[in-house]
Structures are given as structure tokens and as C-alpha cells.
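J.: Here is a sequence together with a model predicted from it:
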Amino acid sequence: MKKIENKITMFHPYVTEKMRKAAYDTLGERFIGQGPKVDEFEDKFKEKFNVPFAISVNSGSAALETAFDLLDLKAGDRVVTTPLTCSATNLPLIRRGCELVWADIRKDTLNIDQDDVAKKVLKYGDIKAIMNVHLGGIKSDLEAGIIPIIDDACQALGFYHDKATYTCYSFQAIKTLTTCDGGMIVVKNSEDYQKAKLLRWFGINREIKRANDWRAWREREMLFDVTIAGHKRHMNDVAASMGIAGLEDFDEILNYRKQIFDIYRTIQSNGLKLIDSDTNAYWLATFLIEDRENFIKKLFDYNIETNIVQSRNDVYNIFGGERQELPNMNWAEDRYLSIPLNNIMTLEDAYYIKNVIESGW
């Protein structure tokens, strides 16, 4: 098989001409920080994905931090979580002094395992929250009764179910829809909605400021008070304008990724299993592979980039540095691997990858 000259990369930002123009046009407006475009993006996001309340922030990590603030997670609180996720899922919990309770993953989806979550909840009894990660875009339907669930859907834009107390999304550079960086948190009631907006902007009610022409005082009286120690997590109008334009083409963007994934679904090879589900957001194309090292070498020899993308968190020193007794995670650790899936690669690239894999390793 003839080797291609240019490497097929795992990820590549996808910014349409419409998104570029929207950002450029906004740079000429009065507001390039948080302004009317942010409000418009939130409204259109809410309409597009049929969610109750949407609050934009400057990253998926900021969305998670806001969810943790809304739950008032603090030192000593136990949180059940998965080891197989981006460390950004779990690092904010460590900073708060929370105790992480590691649950095993499923062999078929690599998402957190419902049965092991139930065991951990029964064992400890005082679990304050459960992290539910839709890894690589594979939906994780987790139920936990009265315990709050935080859905980390940063790799699964479009997924929403009301079993989760909060749902967090990412528009980071290589996500399906990018605003260069950014995030969104979806909440279920107006109280959390109002509080989340205060948390993202120094505890200041911007609606009151706007109504008073942005003045903080009038006739020697303050026009608003600050009661929450908020942060600077807001999205800006330039990013929001990209998001608005991107939402218009989201179905097309996602459908193209599905076309690539459909080609991967046709790969016929012993010792290879594609991670898939009936509900897939197509952010990663991940396989379980026997003899992974030779598979990696074969693809790199043919200019195809591969990566495990997420490393198990429990082995990092910041999380304790000890490999937990998690049978499925331990089994999968040396088997999972992702291959290119992005909107810059061509369908011919996908067929090339398929042919290279089917030629053996």
C-alpha cells in the first residue's frame, strides 16, 4: 500500500468562513466582551438543544467549576467519579479538597459503570455528587436517585437528559463546535440560573447594571449590591458570534463526522472492536485493540496519528498516584486507542485509514 505524504492528524480546529466573518464583524462593535452576542448565543443554544436554562462561560472547565459552586462542594465532600476522563473533570474537585471515590468503567463504552457507582454509594453512604462523563461522545445514561449528577458532556455536544442536575459543555479549539474556547452550563431552575450568572461575573447583576446604563451609582446611592464572591468566567461576544454561526451549521458539521465514523464501522479486522452506541456525538473514534503497540507503529509508519487521548486519572500523583482495583479499567488500560476524526480530513483519508488497518499489523 502506498504511503501518503502528509500526516492525517487526530484533531484539527474547524472554523467555517461564516464563523470567521461573524467574529471579524463583532470586533467592530461596541461590545467585544460580554454583550448582546452572548445573550443571543445562549438563546439559540437553548432553542437548538431544547434545554431549560443555558449560561455561557469561558471554558468547559469553568462550566464544571460553576456546577461545583452551585452544589457548594467543599473539603471532605465525597464525589464518585470515573478515572477515564480528561483530568479537567477531576482537578477542580481536588482543589476544593473533595475526596474522590473512583468507580469502574464499562468494557463496552468505557463510560462509568452504573453497577459500580451503586456499590460505591452503598459503601460510603454520604456521596455528595456523581460525575457522569460522556467519553468521546458516547452517551452515558446514569441514574443515581436523589444524589446530584453532574453530566460532563464536554465531548458530547447536543446530549442532554433531565436526570442530570447540571450539564456542562465545551467549545474548546478541537471540539465539534468551537468558539476558540468557551463552555456552557445547563441548569434546571431559575434560581440556579440567576446564581450561575452571578458566579461568572464577580457576583454582579449585569441586568441591573444595564438597566442603569452601566452606572454603579446615582445620587450618591449604590445601584446594586454584591453578595456572592463570583469569578471572571464569562464568555465574550467574539466567541459567542462564532458560536451563533456554528450552531447554524451544527447538523452539517456533525453529519460529516458521522460519515467518517460510518466508514470506520465497516472495518473488518480480528483483534479490533470499535467503541460505539446507538447515541453517539462522534467526537472520538476509539477502538479496543489486541497488540496495541504494533497497531500504533503500523499507523505511524503510514502517517496516521493515533492517541489514547485520555489517561486514567488515578495514576497521576495529584490524585494519589495509585492504580485502583478497578477490573474493567485495568483490563482496558492497554487496549483502548483513538484514530483521526475531524472535519478537516477527507472521506478518502478515512478509507485510507480503513485500508491500512485491514492490511494487518
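T.: Arrived safely, thanks for sending. Numbering: from 1, shown residues only.
J.: can you pull the contacts of residue 57?
T.: Shown in contact with residue 57 (C-beta atoms under 8 Å, 6 or more residues apart in numbering): 63, 66, 182-185, 200, 233-235. Every residue, glycine included, has its C-beta placed from N, CA and C.
J.: Which strand residues bridge it?
T.: Beta-bridge partners recorded for residue 57 (DSSP bridges): residue 183.
J.: Residue 144 belongs to a helix?
T.: No. Under DSSP: H, G, I helix; E, B strand; the rest coil, residue 144 sits outside any helix and is assigned coil.
J.: any idea how far it lies from residue 244?
T.: From residue 144 across to residue 244, the span is 34 Å (C-beta to C-beta, to the nearest Å).
J.: returning to that earlier point: from the contacts of residue 57, which ones fall inside helices?
T.: Using DSSP state H, 63, 66, 200 are the members of the contacts of residue 57 that sit in helices.
J.: Narrow the residues you listed to those that are buried.
T.: Buried by 16 or more other C-beta atoms under 10 Å: 63, 66, 200, out of the ones in helices among the contacts of residue 57.
J.: How is this structure divided into domains?
T.: 17-248, 250-358 (automatic domain parsing).
J.: For stretch 180-198, which outside residues touch it?
T.: The contact list for stretch 180-198, computed with C-beta under 8 Å, 6+ apart, reads 42, 45, 51-63, 66-67, 70, 154, 160, 162, 165-173, 204-206, 228, 230, 235, 239-240, 242-243.
J.: And the closest residue to residue 309 other than its chain neighbours, what's its pLDDT?
T.: Spatial nearest neighbour of residue 309, chain neighbours left out: residue 338 (5.1 Å); criterion: C-beta to C-beta, 6 or more residues apart in numbering. If you check residue 338, the pLDDT there is 98.
J.: what helices or strands is the host helix or strand of residue 338 leaning on?
T.: Per DSSP states H and E: residue 338 is located in strand 336-339. On a contact count with 3 or more C-beta pairs under 8 Å, 6 or more residues apart in numbering; DSSP states H and E, strand 336-339 meets strand 285-289, helix 292-301.
J.: which of these is buried the deepest?
T.: Sort the helices and strands packed on strand 336-339 by mean neighbour count, taking mean count of other C-beta atoms under 10 Å, and strand 285-289 sits at the top with a mean of 23.
J.: Pull up the pairing partners for it, direction included.
T.: Using DSSP bridges, strand 285-289 pairs in its sheet with strand 272-274 (antiparallel), strand 336-339 (antiparallel).
J.: Dump the ones you listed to CSV, plus mean neighbour count.
T.: Listed next are the strands paired with strand 285-289 as CSV, based on neighbours: other C-beta atoms under 10 Å:
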stretch, mean neighbour count
strand 272-274, 15
strand 336-339, 22
